[in-house]
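Undergrad: Need coordinates for the following:
(one chain, ligands or ions: 2)
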Amino acid sequence: MIDDLDLRKLDEREASEMAKLLHAIGEVGFLTVSNTGLNADHVRNVIEAYRDFFHLPDVRKKTVDMAMTGSNRGWGAPRSEQVDPKANPDFKEVFDCGFELPAGNSYAGKGLSVYAPNLWPNNPVEFQGIIRAYYIDACNVAMRVLQAIAVALGRDKLSFDRAFDTPMALLRGNYYPERPAWAGDRDFGIGAHTDYGCLTLLATDGVSGLEVRMPDNSWQPVSAAPGTFIINFGEMLEFWTAGKVKATEHRVIGGTQERISVPLFFNPSYDTNVAPPSSGKTISAGDHLTRRYNETYLHLQAT
Ligand SMILES: O=C(O)CCC(=O)C(=O)O
Ligand SMILES: [Fe+2]
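TA: Ligands and ions are numbered 1, 2, ... in the order given. Have a look, this model is predicted:
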């Protein structure tokens with residue numbers, strides 16, 4: 001079962017809601033959340049901005065094609081990413097944007113691809129403003145959820161906050177066209193994978209398609225209308241909590257209706273050590289994320 005949580009109750013640390021949170025993070029690794037303060041109309045507006053962009057002709061999208069760059073900012077064409085090495089590259093398209101390093105930030109000028117500058121299309125004209133505003137709103141919601149998780153795990157409320165002062169957070173629009181007629185067993189909207197970072201906050205247009213690997217190995221559909229969010233956890237948070245938070249596999253096969261989803265991948269600052277506490281080990285968040293990007297985006301793969 002995928003638990004449904006109320007963020008306002010989590011903010012207030014209501015005991016029964018915190019118990020549900022602890023169950024969701026440790027058993028299934030997926031939950032849905034409502035009452036975030038981000039309302040349905042706001043999220044619909046964001047999704048429609050992505051839809052307008054994805055419906056542009058390819059020649060226009062190519063002006064911001066990430067394949068021209070050494071990073072993942074801008075448009076990713078169909079079959080430009082392969083999240084599951086056993087499957088074919090995904091048939092989805094994406095648009096990725098990330099954290100904008102303030103001038104004078106200690107990571108500035110180091111050429112780290114996880115902090116690469118964003119690539120914005122000239123059209124639709126409102127696109128950049130809508131997406132940048134949502135990036136900030138979504139990061140704030142993600143941080144509130146992580147604070148509740150810190151408390152649920154018996155850590156200091158702000159123990160994660162310090163690691164997110166220069167977040168490698170990535171906001172993505174996923175566009176799944178209707179599943180192509182040529183698609184076979186090894187073709188997916190997005191193949192089975194676990195996310196790489198800490199927490200993923202996912203908005204969708206309400207069309208179903210996401211499936212989650214349950215503890216009994218079955219695939220369970222999960223959906224959320226705009227205004228409700230799906231949350232799951234990535235590899236870094238699983239390391240960092242010594243497995244108390246599960247990074248759960250998920251996929252989208254794709255169906256007869258086009259679908260848009262908007263994940264915020266909330267990743268900590270580059271130099272964060274996400275190894276299990278007191279393990280004596282070091283796992284650099286920046287190294288892990290860079291390696292996972294290089295493995296999955298075809299234009300970043302070593303030739
Ligand atoms: O489209 C979805 O529902 C999931 C997308 C996803 O898993 C991802 O972008 O990592
Ligand atoms: Fe994912």
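
Undergrad: Show me what from the stretch 201-303 of the chain comes close to ligand 1.
TA: Taking CB under 6 Å from any ligand atom as the contact definition, the stretch 201-303 of the chain meets ligand 1 at 202, 204, 210, 250, 252, 261, 263. Using the backbone N, CA and C atoms, a C-beta is placed for each residue, glycine as well.

Undergrad: could you redo the last one with a cut-off of 5 Å?
TA: By CB under 5 Å from any ligand atom, the residues of the stretch 201-303 of the chain that approach ligand 1 are 210, 252, 261, 263.

Undergrad: Could you dump those into TSV with secondary structure added?
TA: TSV is the format used below for these (DSSP: H, G, I helix; E, B strand; the rest coil):
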residue	secondary structure
Leu210	strand
Val252	strand
Ser261	strand
Pro263	strand
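
Undergrad: Flag every residue of the stretch 51-200 of the chain that's near ligand 1.
TA: When proximity is defined as CB under 5 Å from any ligand atom, the stretch 51-200 of the chain approaches ligand 1 at Asn174.

Undergrad: helix or strand for the residue nearest to the spatial centre of the chain, which one?
TA: In the chain, the centroid-proximal residue (CA atoms, centre = their mean) is Phe265; its distance is 3.0 Å. Per DSSP states H and E: Phe265 is located in strand 259-266.

Undergrad: So which residues make contact with that strand?
TA: Residues outside strand 259-266 that contact it (CB atoms under 8 Å, 6 or more residues apart in numbering): 43, 46-47, 50-51, 54, 134-135, 138-139, 142-143, 146, 164, 167, 169-176, 189, 195-205, 207, 209-210, 234, 252.

Undergrad: Could you pick out the buried ones from those?
TA: 43, 46-47, 50, 54, 134-135, 138-139, 142-143, 146, 164, 167, 169-176, 189, 195-205, 207, 209-210, 234, 252 (16 or more other CB atoms under 10 Å).
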